[in-house]
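>>> Just need the structure, nothing else, for what follows:
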Amino acid sequence: MSAVTSPSRSDLPAGAPAAPGSITPISTVQNGLQLAWRSVLKIKANPEEVLGLTFMPIMFVTLFVFVFGQAMMGDWQTYRDFLMPGIIAQSVVFATLGTGFALCQDVEKGIFDRFRSLPIARSAPLIGAILGDLVRYSITVVMVLVVGLAIGFRPEGGVLGVLAASAIVLVFAFALCWMSAFVGMMVRTPMAVQSFGMILMFPLTFGSSAFVDPQTMPSWMRVVAENNPVTHLVDAMRGLMLGGDVAGPVAWTLLWSAIFVAVFFPLAVWAYRRRT
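Numbering: from 1, shown residues only. The predicted structure is shown next:
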């Protein structure tokens, strides 16, 4: 009796799917970009998300500038200029919670079961979701700047300074999204993602230089604030948009971003494999 052999690629019937090749870093990026486009299309399908990204910055800028400005710095115009980089950072940092929330929703709906059956990199759904969310964060940055310009904010760094500040906050958001993705894969419900995420994000944003100069804080809190990743981000944005020290805060921000990615990227992929 002759041995049974598996059919070669040329023996497969016409129209049969070819066996996937090995997953390479290039193919991982390609898969991620394809799924990122899916995430961007979800914005078109859910226009209410854009409304949220539009009205939240208006609310934050209006409340903080006109409610706290006079008390914080004597006049709201001075506080407006101090606050704008912090409001941009805070809005984007809080928006990263949406990454974990959406991923947890997709797992509940069984969408990731479909992804597992496709010949794509296991990390591609996470990469695609995060890259797609960067479009949302870009909308948030633009809306905060539009509101700021409408109330008289005029960055001394000009267009290049604003673009550089926007780029660095998006780099930081990309890194922070991996922590959000890890949380989204670890907890069981989307509401738990929001609750747990708030516990992480509130100290990061309000315990920083986003709203108050750390020099005015008690000594123990000043130490915490000065070593806060969001403080380094906000200081970098202030330097780029308003003038001042840039090299140190930018270097610290990029270092923190690299640390977040190095720690939470493998943890998020591990949690995704464990969950699905």
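>>> For the residue positioned nearest the centre of the chain, give me its contacts.
By C-alpha atoms, centre = their mean, the chain has its centre lying nearest to A173, at 3.2 Å. A173 makes contact with 92-93, 95-96, 134, 137 under the criterion C-beta atoms under 8 Å, 6 or more residues apart in numbering. (Each C-beta comes from the backbone N, C-alpha and C, glycine too.)
>>> Go again with 6 Å.
A173 makes contact with 92, 96, 137 under the criterion C-beta atoms under 6 Å, 6 or more residues apart in numbering.
>>> what does V141 give?
88, 166.
>>> if we go to 8 Å?
Going by C-beta under 8 Å, 6+ apart, the list of residues near V141 reads 88, 91-92, 166, 169-170.
>>> most surrounded residue in these?
I88 (30 neighbours; other C-beta atoms under 10 Å).
>>> Could you list the low-pLDDT ranges of the stretch 101-250 of the chain?
For the stretch 101-250 of the chain, the stretches flagged by pLDDT under 70 are 111-113, 115-119.
>>> how does it look with 90?
Scanning the stretch 101-250 of the chain for pLDDT under 90 picks out the ranges 101-137, 139-140, 143, 157, 184-185, 187-203, 216, 243-245.
>>> show me where it has helices.
111-116, 124-150, 158-186, 190-206, 219-226, 229-242, 247-275 (DSSP state H, counting those that start in this stretch).
>>> Comparing those, which comes out most buried?
helix 229-242 (a mean of 25; mean count of other C-beta atoms under 10 Å).
>>> Now tell me what touches that one from outside.
81-82, 84-86, 88-90, 93, 155-157, 161-162, 164-165, 168-169, 172, 204-205, 208-210, 214, 225, 244-246, 249-250, 252-253, 256, 260.
>>> quick one, that helix and helix 219-226 angle?
Relative orientation of helix 229-242 versus helix 219-226 (axes from the mean of the first three to the mean of the last three C-alpha atoms, to 10 degrees): 60 degrees.
>>> Now do helix 229-242 and helix 124-150, the angle between them.
Using the same axes, to 10 degrees: helix 229-242 against helix 124-150 is 50 degrees.
>>> could you check the angle helix 247-275 makes with helix 229-242?
Relative orientation of helix 229-242 and helix 247-275, computed by the same axes, to 10 degrees: 130 degrees.
>>> Much appreciated, bye for now.
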